[in-house]
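Trainee: Quick one, structure for this:
(2 chains)
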Amino acid sequence: MGRRTRRSRRRFGGPVAWQRIAFVALPVVAAALLFLPQSVTDSLRVWTAPLFSPLLAATEDWSLDLGDRAAPAGDPPQSQALEAQVRSLENALAEAAALLADYDRRVQDLGRLRQGLDGLPCRLTPARILAPEVMGGQAEARLTEGSNKGIRRGAAVLHRWIDRGAREAIQQGEPVLTAAGLVGLVDEVGPMASTVRLLTDPRTNLMVQIITCRDGRWRAGPEGVARGSDDGALTVQGISRTCDVAVGDFVVTSPSPESLLPPYLIVGRIARSNLKPADVFRDLVVEPRVSPSDVRQVYVLSPLTASNSTKP
Amino acid sequence: MRWFLVAVLAYVLLVLQAAVFGPGRLAVAVEGHWVRPDLVFILGLFLALYFQPAEVFIAGWCLGLASDLASITGRLGARALLFAVVLYLVSRLRVRFLRGPMLTQFLLALASVFFVHLLWYAATHLLEGSPLVVGRTVVASFLDALYSAIFAPYLVWLLQRLRGPLGAAGNPVED
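Mentor: Alright, predicted model coming up:
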């Protein structure tokens, strides 16, 4: 039986033959496996991992780390450190979420502004209006202007500070606006902060145009000059009494080439019309679209030139 | 060779390696490298002492592939090739290692594991395109080899008790 078995093995390729075949084939297979994509290798390992780890749970507490063994029982320094780490991570996450929300808002604002500017080549620099109590706005207005210039006690704040200056290539006279409308013009430019002359400042003179809406149709109306006043009001002057204007009509910056500002930036809406029987022209009191006391995040609109075209 | 029993032994040793000598257990962390013994290769060394080179080559290839599948890094087939070639060479030269069993086994394990691990780390770095820090690789391979060599005499002693079931000769076959 043993001889028959040995003879039959030799006839059908016994152990020596298959070992020779394996001796040649296995290195080729190993070389082929070496060039398998890592993703396939990882998938195979993930698939086979449970086969090799049935005792992992049993040896979970085994450790050669002497630092763990040296810690006295009942003292959880690691858990306290972990809790502190978790708290700091949660705070960082909340801060990151707030920043992200702020950036999303900025992106939406910029999108609306760009749409409103209708392809005007320009640069929009995000800025933040600093609270007057931070910069001493009211006190400064009283101190710098003085009573001889007509600043009454408790007068309206006429300018604000923004946190952008010459470092961001901000220049005097550039409009400061939000997606809702014009806030003011850059007045004095410092290295890192600048003042914004609000629309209600008596020194403000803007060429504006009235936009009317009659029967659902928007039409360009007459042009005039918007001026601020000591009491914080904005008035459009030079509008003929015969022109078709009404309360609620929009006031925008003039598209006239003589205007120094980009056209059709929303200034405000007509709040009331002052007209005496003998007057030829009427004064239109405008409510600014953007209340400077409510706004914090603004944009400075700069013309796009070769020098600032690559700046953010 | 009783292939089924060899496969069972290899599986047991791989499970032990993962469960007992895994990271955070009895593996020793040295500068970011987890040092642990290569018990499967020790089994291969035992086979190399008692079986024919061709069988050892095939067994080494299979042990190396199993070791590749059980590990989490490196390419499949690298250990298979290295185990097969090194164990084959050891089986061809085994007559020189029969003196002083424990010391011989210790030194044999130290040298062969060092050689295999060094080549494996180098091949892994080269295939993945990552820079090879020679000093760190040599130190890591030596520590792996030392940890394996400490266990080698005990594991070989246990395996010698299974010579009969494994189909090995009474004494190591000499050329």
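
Trainee: Helices along the chain, start to end?
Mentor: Assuming you mean chain A. Ranges of helices in chain A, per DSSP state H, are A:2-11, A:15-34, A:38-52, A:66-70, A:77-117, A:132-135, A:137-145.

Trainee: ah, I was thinking of chain B
Mentor: Secondary structure of chain B (DSSP H): helices located at B:3-20, B:39-50, B:53-70, B:78-93, B:101-128, B:134-160, B:163-166.

Trainee: nearest to residue A:111, of these?
Mentor: Across the helices of chain B, residue A:111 has its closest neighbour in helix B:101-128 (44.0 Å, CB to CB). Backbone N, C-alpha and C define where each C-beta goes, glycine included.

Trainee: Relative to the whole chain's centre, how far out is the closest one?
Mentor: Put simply, helix B:101-128 sits 8 Å off its chain's centre (CA atoms, centre = their mean, to the nearest Å).

Trainee: and if you look at stretch A:102-109?
Mentor: Centre-to-centre, stretch A:102-109 and its host chain are 4 Å apart (CA atoms, centre = their mean).

Trainee: Also stretch B:46-53?
Mentor: That offset, for stretch B:46-53, works out to 13 Å (CA atoms, centre = their mean).

Trainee: Stretch B:122-137 too?
Mentor: Relative to its parent chain, stretch B:122-137 has a centroid offset of 20 Å by CA atoms, centre = their mean.

Trainee: Return the set of buried residues in that stretch.
Mentor: Using 16 or more other CB atoms under 10 Å in any protein chain shown as the burial criterion, the residues of stretch B:122-137 that qualify are B:123, B:124, B:125, B:137.

Trainee: What is the nearest of those residues to chain A?
Mentor: Nearest to chain A out of the buried residues of stretch B:122-137 is residue B:123 (CB to the nearest CB; 8.3 Å).

Trainee: pretty sure that closest one is touching residue B:80, no?
Mentor: No - between residue B:123 and residue B:80 there is no contact under CB atoms under 8 Å: 11.8 Å.

Trainee: ok, and which of the helices of chain B has the densest surroundings?
Mentor: The highest mean neighbour count among the helices of chain B, using mean count of other CB atoms under 10 Å in any protein chain shown, belongs to helix B:39-50: a mean of 26.

Trainee: CA atoms of it as CSV?
Mentor: What follows is helix B:39-50, C-alpha atoms only, in CSV (Å, rounded to 0.1, in the frame of the first residue of the first chain):
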residue,chain,number,x,y,z
LEU,B,39,7.0,35.1,17.4
VAL,B,40,5.9,33.9,14.0
PHE,B,41,9.4,34.3,12.7
ILE,B,42,10.7,32.2,15.6
LEU,B,43,8.3,29.5,14.5
GLY,B,44,9.8,29.8,11.1
LEU,B,45,13.3,29.4,12.5
PHE,B,46,12.2,26.3,14.3
LEU,B,47,10.9,24.9,11.0
ALA,B,48,14.1,25.8,9.3
LEU,B,49,16.0,23.7,11.8
TYR,B,50,13.9,20.6,11.3
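
Trainee: what residues are up against the residue nearest the centre of chain B?
Mentor: Chain B has residue B:41 as the residue nearest its centroid, 1.5 Å off, counting by CA atoms, centre = their mean. If a contact means CB atoms under 8 Å, 6 or more residues apart in numbering or on different chains, then residue B:41 has B:63, B:67, B:83, B:109, B:112, B:113, B:116, B:148 as its contacts.

Trainee: cool, and residue A:214?
Mentor: Residues in contact with residue A:214 (CB under 8 Å, 6+ apart) are residue A:244.

Trainee: again, only this time at 10 Å
Mentor: Residue A:214 sits next to A:221, A:244, A:246, A:249 when contact means CB atoms under 10 Å, 6 or more residues apart in numbering or on different chains.

Trainee: In this structure the second one contacts residue A:215, no?
Mentor: I take that to be residue A:244. No - Residue A:244 is beyond contact range of residue A:215, at 12.0 Å (criterion: CB atoms under 10 Å).

Trainee: higher neighbour count, those two?
Mentor: Between residue A:244 and residue A:215, residue A:244 has the larger neighbour count (other CB atoms under 10 Å in any protein chain shown), namely 11 against 5.

Trainee: State the pLDDT value of the more buried one.
Mentor: Note on residue A:244: pLDDT of 86.

Trainee: The closest residue to it other than its chain neighbours - how many residues pack around it?
Mentor: Nearest residue to residue A:244, sequence neighbours excluded (CB to CB, 6 or more residues apart in numbering or on different chains): residue A:212, at 6.3 Å. With neighbours defined by other CB under 10 Å, the count for residue A:212 comes to 18.

Trainee: what sits in contact with each of residue B:123 and residue B:80?
Mentor: With contacts defined as CB under 10 Å, 6+ apart, the residues shared by residue B:123 and residue B:80 are residue A:34.

Trainee: Looking at chain A, which residue is nearest chain B?
Mentor: For chain A, CB to the nearest CB, closest residue to chain B: residue A:33, 3.0 Å.

Trainee: ok, that residue - contacts?
Mentor: A:40, A:41, A:44, B:65, B:68, B:75, B:76, B:77, B:78, B:80, B:81.

Trainee: Tabulate those (JSON lines), appending pLDDT and distance to residue A:114.
Mentor: Below are the contacts of residue A:33 laid out as JSON lines (pLDDT from 0 to 100; distance: CB to CB, whole Å):
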{"residue": "A:40", "pLDDT": "82", "distance to residue A:114": "48"}
{"residue": "A:41", "pLDDT": "82", "distance to residue A:114": "49"}
{"residue": "A:44", "pLDDT": "83", "distance to residue A:114": "52"}
{"residue": "B:65", "pLDDT": "92", "distance to residue A:114": "61"}
{"residue": "B:68", "pLDDT": "89", "distance to residue A:114": "57"}
{"residue": "B:75", "pLDDT": "84", "distance to residue A:114": "52"}
{"residue": "B:76", "pLDDT": "86", "distance to residue A:114": "54"}
{"residue": "B:77", "pLDDT": "89", "distance to residue A:114": "57"}
{"residue": "B:78", "pLDDT": "89", "distance to residue A:114": "56"}
{"residue": "B:80", "pLDDT": "92", "distance to residue A:114": "61"}
{"residue": "B:81", "pLDDT": "92", "distance to residue A:114": "61"}
